[in-house]
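Engineer: Got a predicted structure plus its sequence, pasted below:
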Amino acid sequence: MSARARLLLALGAVAALALPLVLPSNYAVNVAVMILFSAFLGQAWNIAGGFAGQTSFGHVVFFGTGAYASTILHATWGWNPWLAWPMAALAGGAVGLGIGALAFRAGLRGSYFALVTLAFAEVFRILANSAEFTRGGLGILIKADARAANFQFRDPAWFYYVALALVAASLAIAWWLRRSRFGAQLAAIRENEDAARALGIDVLRAKTLCMGISGAMAGAGGTFYAQKYLYIDPTIAFGVEKSVEMLLVSMIGGAGTVFGPLVGAVALGFVGEATRALTSAQGLGLVVYGIILVAIVARLPDGLIGLFARRAARRGGRDA
Amino acid sequence: MLEVRGLTRAFGGLKAVDGVDLDVPEGAIVGLIGPNGAGKTTCFAAIAGFVKPDAGSVRFAGADVTGREPHVVARAGMVRTFQITQPFARLSVRENVMVGAWLRHARRAEAEAAAERVARAVGMGAMLDMRAGDLTVAGRKRLELARALATSPRLLLLDEVMAGLNPTEVAEIVGVVRSIRDGGVTILLIEHVMQAVVSLAEQVHVLNQGRIIARGTPAAIVADPAVVEAYLGHGAAARLAGGGGGG
Ligand SMILES: Nc1ncnc2c1ncn2[C@@H]1O[C@H](COP(=O)(O)OP(=O)(O)OP(=O)(O)O)[C@@H](O)[C@H]1O
Ligand SMILES: [Mg+2]
């Protein structure tokens, strides 16, 4: 990393740590929490969809699996939610490995893979809707008991710091992927599977493992969400909205880049809040939001990060 | 080093490779030639695990690798290049070659150093930061070679790495290939550029319609009437002999 990049990173970290102290209201802190959380889930998607090029339309399945896993352990079995949290990651990771192994062994690629992940999410939603241990469509309520030992906080600033830690961890994973052998294998697979194979990469294993990592991250996200809102049901846990959000955040910021999902989440968060504030009519806000999204996706194939990179390159070119 | 016996692979009714026997001794440069559509590339694909052979066996370095997955074959030390180049288009040349180097190096600094060394050895030292997708045809051919070489193979299967290059570039690559062999890597080479085959290979196998029709030294092969007929059509050998030294 260059000295300049390190300085920027340090400044960003300090600003992020100080943010809850300067935000004017709990509402604003909650918006910041959701932006960070969205960045974290986007990074989970980015590991598979960006770094390895395995675009998924159903990533919510891992999020929902994690949310149900820890919530059932906590609400039904009486586990402490902090202890249930790693189990959620394990469950999400296991489902990631399972879906990955099935889909990749069957040779599914591109849009076929994307559609199959979407189908898996739907199947999980239907199962959660009908099974007894998930309490079907009723969903599961977590008893409010705002103690830190219980992974519940009265002050949303604490949720903010937990979300910030998640984002930091996800950035570290993405950074490691940029530098490591495993990350190079995923990039090779994304670019050209045959060539990757010819150079000794076990494509099936690498892709499956990558889905496991991505699934574990999204699963961990499920617990955070459940503890924040104290309620999950099949639509929240396995509905298509979260899948789309994960994908959008990552693509808008820049898929396959370390900071893409964070940039995308901040941008989407601001656009969302701005359109909500500016247009009082509900439907109109959504329309404006949609138009801005389409414009970004159409005009910036490499995402916002790509825009910065191109500008930097142009500036560098003029200086030289 | 490589022993191929009775290798057969059909696509529908067409036997693209039909009972091919092929030996590549350790340390040699062996050529595989033949007219378009003879089955050379399919032969490589069947040897390296990209298509499953219908019959026959492939032994590499004493072990049976028939029908094994390509990555298993590559890890054992036999690596192919692609006639239709397959660059990792959005990665830099350095990153492309590093993918090969990572196979034998666990640490990033080592993989990077190995990749740069190999890139320089094939004459790509100045292109390390270029996007692979922006390379010319000649650059892409070199990249195929560099990536494969970076895996520290024992046997390289080179599929037309000189096609589409101008004579100067061909001469350069000939030198590179020879120095790779001198570095201890055995080479099996598919090539249409006869000048290259003649100057590099000690032994040449000629494939036509899926079958080996001749083998021998390059000089003997060029004079073989069966080979001339395979390339130029029935009766060509007689016409050439009658016409007296033309062509
Ligand atoms: N995947 C495939 N499916 C169907 N037919 C194929 C396939 N691959 C090759 N063939 C056919 O098999 C025959 C041999 O093709 P191959 O590419 O091996 O020839 P080649 O000797 O490498 O030719 P060239 O010199 O043009 O590269 C051709 O007739 C080709 O059309
Ligand atoms: Mg060919």
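Structural biologist: In hand now; what should we look at? In this text, all values refer to a predicted model and were calculated from it rather than measured experimentally. Ligands and ions are numbered 1, 2, ... in the order given.
Engineer: Can you mark which positions in the lengthiest helix in chain A are buried?
Structural biologist: Using DSSP state H, we find that the single longest helix of chain A is helix A:203-229. Across helix A:203-229, burial judged by 16 or more other C-beta atoms under 10 Å in any protein chain shown covers A:203-204, A:206-228. For every residue, glycine as well, the C-beta is placed using N, CA and C.
Engineer: same check, this time on stretch B:29-43
Structural biologist: So stretch B:29-43, judged by 16+ other C-beta under 10 Å, has buried residues B:29-35, B:38-43.
Engineer: Kindly report the same for stretch A:254-270.
Structural biologist: Buried, per 16+ other C-beta under 10 Å, within stretch A:254-270: A:254-269.
Engineer: Is there contact, residue-wise, from it to chain B?
Structural biologist: No. Shown here: stretch A:254-270 not in contact with chain B (C-beta under 8 Å from any C-beta of the partner chain), separated by at least 8.7 Å.
Engineer: Okay, A:Ile189 and B:Arg75: tell me how far apart.
Structural biologist: Computed as C-beta to C-beta, to the nearest Å, the A:Ile189 to B:Arg75 distance reads 16 Å.
Engineer: Looking at those two, which has the bigger crowd around it?
Structural biologist: A:Ile189 (24 against 18; other C-beta atoms under 10 Å in any protein chain shown).
Engineer: Would you agree that one is in contact with A:Lys207?
Structural biologist: Yes. Because the distance of 6.3 Å satisfies C-beta atoms under 8 Å, A:Ile189 is recorded as touching A:Lys207.
Engineer: what is in contact with these two at once?
Structural biologist: A:Ala52 (C-beta atoms under 8 Å, 6 or more residues apart in numbering or on different chains).
Engineer: coming back round to it: just curious, which of the buried residues of stretch A:254-270 is nearest to ligand 1?
Structural biologist: A:Gly256 (30.3 Å; C-beta to the nearest ligand atom).
Engineer: For the residue nearest the centre of chain A, give me its contacts.
Structural biologist: Centroid-nearest residue in chain A: A:Leu41, 1.2 Å away (criterion: C-alpha atoms, centre = their mean). Residues in contact with A:Leu41 (C-beta under 8 Å, 6+ apart) are A:His59, A:Phe63, A:Met217, A:Ala218, A:Gly221, A:Lys242, A:Glu245, A:Met246, A:Val249.
Engineer: how much space is there between A:Ile305 and ligand 2?
Structural biologist: Counting by C-beta to the ion, to the nearest Å, the gap between A:Ile305 and ligand 2 amounts to 40 Å.
Engineer: number of nearby residues for that residue?
Structural biologist: 22.
Engineer: Correct me if wrong: it contacts A:Phe259.
Structural biologist: Yes. Between A:Ile305 and A:Phe259 there is a contact under C-beta under 8 Å: 6.2 Å.
Engineer: what's the overlap in contacts for the two?
Structural biologist: Common neighbours of A:Ile305 and A:Phe259 (C-beta under 8 Å, 6+ apart) are A:Gly253.
Engineer: What ranges does chain B have for its strands?
Structural biologist: Using DSSP state E, the strands assigned to chain B run over residues B:2-11, B:14-24, B:29-33, B:55-60, B:63-64, B:78-80, B:155-159, B:186-190, B:203-208, B:211-216.
Engineer: Could you tell me how far the helix or strand following the longest helix of chain A lies from the centre of the chain?
Structural biologist: Downstream of helix A:203-229, the first helix or strand assigned by DSSP states H and E is strand A:231-232. In terms of C-alpha atoms, centre = their mean, to the nearest Å, the centre of strand A:231-232 is set 19 Å apart from its chain centre.
Engineer: Close to chain A: what parts of chain B are there?
Structural biologist: B:48, B:50, B:69-71, B:74-75, B:79-82, B:86-91, B:95, B:98-100, B:102-103, B:106, B:108, B:111, B:147-148, B:151.
Engineer: Who are the contact partners of residue 65?
Structural biologist: Going with chain A. A:Ala88, A:Ala91, A:Gly92, A:Val95, A:Phe124, A:Gly215, A:Gly219, A:Gly222.
Engineer: nope, chain B please
Structural biologist: Counting by C-beta under 8 Å, 6+ apart, B:Val65 has contacts B:Gly49, B:Val58, B:Arg59, B:Val72, B:Val73, B:Ala76, B:Met78.
Engineer: Is it correct that the fifth one is in contact with B:Ala48?
Structural biologist: Which is B:Val73. Yes. Here B:Val73 reaches B:Ala48: they are 5.3 Å apart, a contact under C-beta under 8 Å.
Engineer: Take the contacts of A:Leu41 and lay them out in TSV including pLDDT and distance to B:Met124.
Structural biologist: TSV is the format used below for the contacts of A:Leu41 (pLDDT from 0 to 100; distance: C-beta to C-beta, whole Å):
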residue	pLDDT	distance to B:Met124
A:His59	95	38
A:Phe63	97	44
A:Met217	98	37
A:Ala218	97	40
A:Gly221	97	43
A:Lys242	89	45
A:Glu245	89	42
A:Met246	92	38
A:Val249	92	37
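Engineer: Of those, which pair is most distant in space?
Structural biologist: A:Met217 and A:Glu245 (14.8 Å; C-beta to C-beta).
Engineer: My read is that A:Leu163 contacts A:Phe37, right?
Structural biologist: Let me fix one detail, which is that residue A:163 is Ala and not Leu. Yes. Between A:Ala163 and A:Phe37 there is a contact at 5.1 Å, judged by C-beta under 8 Å.
Engineer: list residues touching both of the two?
Structural biologist: Common neighbours of A:Ala163 and A:Phe37 (C-beta under 8 Å, 6+ apart) are A:Phe224.
Engineer: and the stretch 151-300 of chain A, which residues reach chain B?
Structural biologist: So the stretch 151-300 of chain A meets chain B at A:179-181, A:184-185, A:187-188, A:191-192, A:194-203 (C-beta under 8 Å from any C-beta).
Engineer: List only buried entries from these.
Structural biologist: Buried among these (16+ other C-beta under 10 Å): A:181, A:184-185, A:187-188, A:191-192, A:195-203.
Engineer: Type out the PyMOL command that picks the buried ones from the residues of chain B next to chain A.
Structural biologist: Buried members of the residues of chain B next to chain A, defined by 16+ other C-beta under 10 Å, are picked up in PyMOL with:
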select buried, chain B and resi 48+50+69+70+71+74+75+79+80+81+82+86+87+88+91+95+98+99+100+102+103+108+111+147+148+151
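Engineer: Point me to the residue sitting closest to the centre of chain B.
Structural biologist: B:Leu158 (1.8 Å).
Engineer: ok, the closest residue in space to that one that isn't next to it in sequence - contacts?
Structural biologist: Spatial nearest neighbour of B:Leu158, chain neighbours left out: B:Leu189 (4.8 Å); criterion: C-beta to C-beta, 6 or more residues apart in numbering or on different chains. Taking C-beta under 8 Å, 6+ apart, we find B:Leu189 in contact with B:Ile29, B:Val30, B:Gly31, B:Leu32, B:Leu158, B:Val161, B:Val177, B:Val197, B:Leu200, B:Ala201.
Engineer: Mind putting these into a markdown table with pLDDT and distance to ligand 1?
Structural biologist: Listed next are those as a markdown table, based on pLDDT from 0 to 100; distance: C-beta to the nearest ligand atom, whole Å:
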| residue | pLDDT | distance to ligand 1 |
| --- | --- | --- |
| B:Ile29 | 96 | 19 |
| B:Val30 | 96 | 16 |
| B:Gly31 | 95 | 13 |
| B:Leu32 | 95 | 9 |
| B:Leu158 | 96 | 13 |
| B:Val161 | 92 | 12 |
| B:Val177 | 94 | 18 |
| B:Val197 | 89 | 13 |
| B:Leu200 | 93 | 18 |
| B:Ala201 | 93 | 16 |
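Engineer: Can you get me a residue count around residue 73?
Structural biologist: Chain wasn't specified; assuming chain A. 20.
Engineer: look at chain B instead
Structural biologist: 25.
Engineer: With A:Ile140 instead?
Structural biologist: Going by other C-beta under 10 Å, the residues that sit close to A:Ile140 add up to 22.
Engineer: pretty sure it contacts A:Leu230?
Structural biologist: No. Applying C-beta under 8 Å as the test, A:Ile140 and A:Leu230 come out as separate, 9.4 Å apart.
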